[in-house]
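Peer 1: Sequence first, predicted model second:
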Amino acid sequence: MTSFDHLFSLYWSGPALDASLRLVSDLLGALLLGGLVGYERFYHGHAAGMRTYGVVCMASAALVAIVGYPDVWFGGHAGMVSAVPDPTRVIQGIVTGIGFLGAGVIVHEQYSTHGLTTAASIWASSAIGILIGLQLYPAAIGLALLSSVCMALGSKIENRLPSQEGIAVMLEFDKDAVPDSTMLDLLAREQGCRIGRRSFSVVRRDQKIEWHFIAVIVNRTVEEPIAGFSEKLQTMPGVTGFQLTHARG
């Protein structure tokens, strides 16, 4: 037998080939389930889409699944494996790595934080891959379906439940202006909002006064509250500038 035939028999036939084919089928399933979870993020134009979720799920499945085939490592030379593979240590490493990836998609601004849902769903995609790697296929499919339903319908359910969504407001007044808090409170109520308790802060900068506060949306039937509130603020005497953004935690 030539050296080529020997290498072929080691890596491309017998147990090594069977293990590789099983791994490929698992990876294809992980890619599909990960892409299913990532479709909602892709549909809404987020940076992490189907490709990110699919690759995360597939890579997690590969790292866990390979632990189950130590007999075919290095062409079946079991003596080269000095320790018994421990899948729990592999899973621990995957979770740690996904933590860094999730932290990279979270963006914190002054009054809001974005990317938490994306980070959590990437973590779920990794867990799906781990279940596939452990050959717990029904559990992997169930987690993928539950995650997809949560991503697709969660926001709609949240919109129907009572909540306290807020608008972060910065008002800039002329140096000679005398801000009227009573008028501000009236304008907020006309737009279906109220000034959040203990959210007020006052800053004096460049001979001008700035008010920072949170306007809590009370009447959620008002369409585009930021646009309507900005129109109201333009009528307030002494206002030279303002900034309004959604305040989300």
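Peer 2: Perfect, I can see it now. The structure presented is a predicted model; accordingly, all values stated were derived computationally and were not measured.
Peer 1: In three-state terms, label residue 177 for me.
Peer 2: Judged by DSSP: H, G, I helix; E, B strand; the rest coil, the three-state class of residue 177 is coil.
Peer 1: can you list the weak-confidence ranges in this protein?
Peer 2: 1-13, 75-84, 108-113, 162-163, 220-223, 248-249 (pLDDT under 70).
Peer 1: Please parse it into its domains.
Peer 2: 3-160, 166-247 (automatic domain parsing).
Peer 1: Export those as CSV, with columns for mean neighbour count.
Peer 2: Quick note: C-beta positions are derived from backbone N, CA and C, even for glycine. Shown next, in CSV, are the domains of the chain (neighbours: other Cβ atoms under 10 Å):
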stretch, mean neighbour count
domain 3-160, 17
domain 166-247, 15
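Peer 1: all helices for the protein, in order.
Peer 2: 3-11, 14-43, 50-65, 87-105, 116-133, 137-160, 181-190, 225-233 (DSSP state H).
Peer 1: any chance of these in CSV, plus distance to residue 244?
Peer 2: Listed next are the helices of the chain as CSV, based on distance: least, Cβ to Cβ, whole Å:
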stretch, distance to residue 244
helix 3-11, 63
helix 14-43, 26
helix 50-65, 32
helix 87-105, 25
helix 116-133, 22
helix 137-160, 20
helix 181-190, 12
helix 225-233, 5
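Peer 1: can you tell me which of those helices comes nearest to residue 213?
Peer 2: helix 181-190 (8.5 Å; Cβ to Cβ).
Peer 1: what's around residue 164, how many residues?
Peer 2: Residues within reach of residue 164, counting by other Cβ atoms under 10 Å, total 12.
Peer 1: Let me know the distance separating the residue most central in space within the chain from residue 69.
Peer 2: Taking Cα atoms, centre = their mean, the centroid of the chain lies closest to residue 118, which sits 1.3 Å from it. Distance of residue 118 to residue 69, computed by Cβ to Cβ, to the nearest Å: 33 Å.
Peer 1: what do you get for residue 247?
Peer 2: 51 Å.
Peer 1: residues touching the nearest residue to residue 98 once chain neighbours are set aside, list them.
Peer 2: Nearest non-adjacent residue to residue 98, counting by Cβ to Cβ, 6 or more residues apart in numbering: residue 126, 4.5 Å away. Shown in contact with residue 126 (Cβ atoms under 8 Å, 6 or more residues apart in numbering): 56-57, 60, 94-95, 98.
Peer 1: Any chance of a markdown table for the residues you listed, columns distance to residue 209?
Peer 2: Shown next, in a markdown table, are the contacts of residue 126 (distance: Cβ to Cβ, whole Å):
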| residue | distance to residue 209 |
| --- | --- |
| 56 | 49 |
| 57 | 52 |
| 60 | 53 |
| 94 | 52 |
| 95 | 49 |
| 98 | 46 |
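Peer 1: between those residues, which is nearest residue 193?
Peer 2: Residue 193 has its nearest neighbour among those in residue 98, at 38.6 Å by Cβ to Cβ.
Peer 1: okay but that closest one is in contact with residue 120, surely?
Peer 2: No - contact criterion Cβ atoms under 8 Å: residue 98 and residue 120 do not qualify, at 10.5 Å.
Peer 1: So residue 48 sits against residue 102, correct?
Peer 2: No - with contact defined as Cβ under 8 Å, residue 48 and residue 102 do not form a contacting pair (9.5 Å).
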